[in-house]
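[1] Here's my sequence, what's the structure:
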Amino acid sequence: MNRPNSAVTPSQLPATSGVPVVERLRDLSSQQWKSGIAAWLGWLFDGLDMHLYTIIAAPFVAQLLQVASPADPLVKEKSSWIQAAFLIGWALGGGFFGRIGDRLGRSRTLSLTILTYALFTGLSFLAQTWWQLLIFRFVAALGIGGEWAVGASLLSETWPKRWRPWIAAVLQTGVNIGVLLACATTYWLAAYPQRYVFLVGILPALMVFWIRRSVPETEEWHTAKMSVEDRGPGVADLFRGRIRWVTLLTILVCATSLTAWWAFMFWNQQHLRNLPELSSWPVRQREQLISRSFFMVISSSILGNFLAAGLARVLGYRRAISLMCLGFFLATFGAYSVPRDHASLLVWTSAIGFFSGVFGLFTMYLPPLFPTLLRTTGAGFCYNIGRVAAAFGTVFFGLFSQVGDFRIALLSAGFLFLPAALVVLLMPELSADGTAVRSAGPIQSNR
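    Next up is the predicted model:
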């Protein structure tokens with residue numbers, strides 16, 4: 001017997017949520033507000049727990065390895081493997097919790113993801129060796145990766161579809177503010193051992209009690225769940241029928257763009273930290289500069305979120321994502337095509353941060369490409385396969401670089417934004433109200 005919802009066709013791509021037309025914020029229901037706040041806070045704490053390690057990676061790993069300098073080649077090797085493990089855990093968590101989100105519901109799964117990343121970020125405080133830190137970061141990443149797909153699906157099923165570009169911008173801003181909180185944490189605790197910053201990562205666990213009490217499951221999920229007679233579609237259905245083309249293109253766009261972005265986010269800090277002009281700076285002053293650099297990148301990315309949303313409203317998601325990826329490449333080329341001092345690097349890397357607003361569009365663009373009971377599975381799987389590529393890319397571009405000089409590696413990684421800008425134009429486009437999908441590429445020829 002054929003399983004309902006498992007044989008995916010283009011007509012199933014845009015699931016109907018039943019959300020009434022809402023013109024103003026004050027017309028939103030209590031459930032919509034609670035869902036929005038829960039998803040936004042989940043993403044904020046994602047950003048916090050995600051980047052506490054990224055900012056302090058080199059000096060903390062140097063301490064664990066008991067070497068004198070963060071520029072030691074052993075620090076570069078071990079810190080990149082820890083970051084790779086984090087990204088792989090992020091990817092596996094997206095697939096694992098995405099599947100749970102389709103089976104158990106969005107609200108329950110959101111609570112599980114937050115508890116996971118809060119607990120294991122806090123446990124990183126106890127790490128005594130680099131491999132213990134690797135394990136703690138890997139498990140924390142399972143929760144962080146899962147929260148992305150669950151939070152995105154929760155909002156796509158409860159908030160007005162025509163608001164999606166702006167919802168994406170606001171949701172991504174939650175991540176940005178979380179990263180700014182990570183910057184502030186490392187800045188304020190610069191005089192203390194680096195491990196103390198991980199204790200701040202426990203705070204998100206307190207939010208779970210409110211989510212479980214106040215945030216209900218979505219009506220769309222309940223309706224879809226009741227319409228199937230068995231366990232519903234599985235991961236294999238992402239690679240069947242016409243949806244397979246969407247899945248493959250989405251994986252390719254996510255893999256190329258995320259690899260370039262995470263190579264930048266991780267190795268730019270090490271490149272800046274090891275500039276010859278900073279060699280005579282006191283450690284505290286140098287680490288505070290790294291925090292300021294992060295602050296500038298993420299602050300500019302908040303503006304980029306809303307530019308991307310505006311472009312999506314005018315041009316559609318595909319063209320907006322393509323233009324932002326092109327801007328990403330140009331800013332990366334400007335930053336690393338020639339050697340620069342720390343002052344000019346801060347300006348160029350802020351431009352790179354501005355174009356990272358493109359990732360906010362993925363939040364509302366990817367989930368509706370998949371049927372309701374494959375929504376968190378599909379969005380989480382495709383986006384997080386990109387994180388697996390980013391994990392290997394982080395290691396590759398780090399090992400590819402010279403000790404203490406990551407400029408060429410960062411420049412090379414930036415070229416990955418070019419295929420992302422081209423491939424996204426072959427993907428389906430959401431209609432203006434977000435309720436239909438206009439297909440592109442081979443999907444049209446199969447109709």
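
[2] what are the phi and psi angles of Leu366?
    Phi and psi for Leu366, reported as degrees, to the nearest 10, are phi -70, psi -50.

[3] pLDDT at it, what is it?
    At Leu366, the model reports a pLDDT of 84.

[4] Also Asp27?
    pLDDT, read off for Asp27, is 74.

[5] Now for it, how many residues are close by?
    Using other CB atoms under 10 Å, Asp27 is surrounded by 11 other residues. Bear in mind the C-beta positions are built from the backbone N, C-alpha and C, glycine included.

[6] How about Pro73?
    Neighbours around Pro73, by other CB under 10 Å: 12.

[7] Same question for the one 10 residues further on.
    The number of residues packed near Gln83 is 27, by other CB under 10 Å.

[8] Go ahead and confirm it touches Ala58.
    No. Judged on CB atoms under 8 Å, Gln83 makes no contact with Ala58 at a distance of 10.9 Å.

[9] what secondary structure does Leu64 sit in?
    Counting by DSSP: H, G, I helix; E, B strand; the rest coil, the backbone at Leu64 sits in helix.

[10] contacting residues around the nearest residue in space to it that is not next to it in sequence?
    Counting by CB to CB, 6 or more residues apart in numbering, Leu64 lies nearest to Trp130, which is 4.8 Å off, once chain neighbours are set aside. Trp130 makes contact with Val61, Leu64, Leu65, Lys78, Ile82, according to CB atoms under 8 Å, 6 or more residues apart in numbering.

[11] what stretches of the stretch 301-447 of the chain score poorly on pLDDT?
    372, 394-405, 431-447 (pLDDT under 70).

[12] what are the ranges of the strands in it?
    Listed in chain order, the strands of the stretch 301-447 of the chain (DSSP state E, counting those that start in this stretch) span 429-430, 437-438.

[13] strands paired with the first one, and their directions?
    The pairing partners recorded for strand 429-430 under DSSP bridges are strand 437-438 (antiparallel).

[14] Tell me, how many residues neighbour Gln128?
    9.

[15] show me the contacts for the closest residue to it other than its chain neighbours.
    Distances taken as CB to CB, 6+ apart place Leu64 nearest to Gln128, at 7.2 Å, with adjacent residues excluded. Applying CB under 8 Å, 6+ apart, we find Leu64 in contact with Lys78, Ala127, Gln128, Thr129, Trp130, Leu133.

[16] Tell me which of those fall in helices.
    Counting by DSSP state H, the contacts of Leu64 place Lys78, Trp130, Leu133 in helices.

[17] Quick check: pLDDT value at the second one.
    If I follow you right, that is Trp130. Reading off the model, Trp130 has pLDDT 92.

[18] Check the last one too.
    Leu133 is assigned a pLDDT of 94 by the prediction.

[19] what kind of secondary structure is the nearest residue to Pro419 once chain neighbours are set aside in?
    Leaving aside its sequence neighbours, Pro419 sits nearest to Thr256 (CB to CB, 6+ apart; 5.1 Å). Assigned with three-state DSSP, Thr256 falls in the helix class.
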